[in-house]
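Trainee: Let me see the structure of the following:
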Amino acid sequence: MGGGFHGGFGKTKGFENNLIDELERKGVKIDRNNVIFITKDGAGQIVWLENGTPSAGLEHIIQRHSNDFMDKHGIKENDIPLYLKDVFSNGMVVYTRIINKNGHLGFEKLYSYKGQYYLLSGIGTNGFIVSAYPIDTSVALKLKGRYGK
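Mentor: Got it, this is the predicted structure:
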């Protein structure tokens, strides 16, 4: 995994802590010490990325998709977390659909950001980012046609 990402939102103040507090009031399990970032996306949903594991979160994204970020958009592994924060904070949600993966409900979202597309193959219904990766424009347009507004 990329170096230097150890969460630590338990020590910050302001917008990020307010969002974490809001989730905690709703009973959402969130580990402040493992949060890489938390924000509201273009649809107004609170989403956050944790350090994670090989199957979810930043570790999963780095292990499975860092080459996709580099190959498709020139984003280096260490830059992925900040880049994703920009995508979620400033990108447009093209569509959202509920998916059931192995008995777990979540959201599949397609984001458009600076003319590029990113598929979020999984956001838990609580806003936890399971995975995110760039996809080809042709694939994004097919998905947009199928699930978009």
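Trainee: Roughly how far does the residue nearest the centre of the chain sit from Arg97?
Mentor: Nearest residue to the geometric centre of the chain (C-alpha atoms, centre = their mean): Ile129, 4.2 Å. Going from Ile129 to Arg97 by C-beta to C-beta, to the nearest Å gives 16 Å. In this view, the C-beta of every residue, glycine as well, is placed from N, C-alpha and C.
Trainee: do Leu49 as well
Mentor: From Leu49 to Arg97 the distance is 21 Å (C-beta to C-beta).
Trainee: again with Thr39
Mentor: Thr39 is 21 Å from Arg97, by C-beta to C-beta.
Trainee: and the longest helix seen in the chain, what does it pack onto?
Mentor: The residue-count maximum for a helix in the chain (DSSP state H) belongs to helix 58-73. Using 3 or more C-beta pairs under 8 Å, 6 or more residues apart in numbering; DSSP states H and E, the elements in contact with helix 58-73 are strand 46-50, helix 80-90, strand 129-134.
Trainee: Mind putting these into TSV with distance to Phe107?
Mentor: Below are these laid out as TSV (distance: least, C-beta to C-beta, whole Å):
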stretch	distance to Phe107
strand 46-50	9
helix 80-90	12
strand 129-134	10
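Trainee: Now tabulate the ones you listed in a markdown table and tack on distance to Leu58 and mean pLDDT.
Mentor: Shown next, in a markdown table, are the helices and strands packed on helix 58-73 (distance: least, C-beta to C-beta, whole Å; pLDDT from 0 to 100):
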| stretch | distance to Leu58 | mean pLDDT |
| --- | --- | --- |
| strand 46-50 | 6 | 96 |
| helix 80-90 | 6 | 94 |
| strand 129-134 | 8 | 94 |
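Trainee: So which of these is the most surrounded?
Mentor: Comparing the helices and strands packed on helix 58-73 by mean neighbour count (mean count of other C-beta atoms under 10 Å), strand 46-50 ranks first with a mean of 24.
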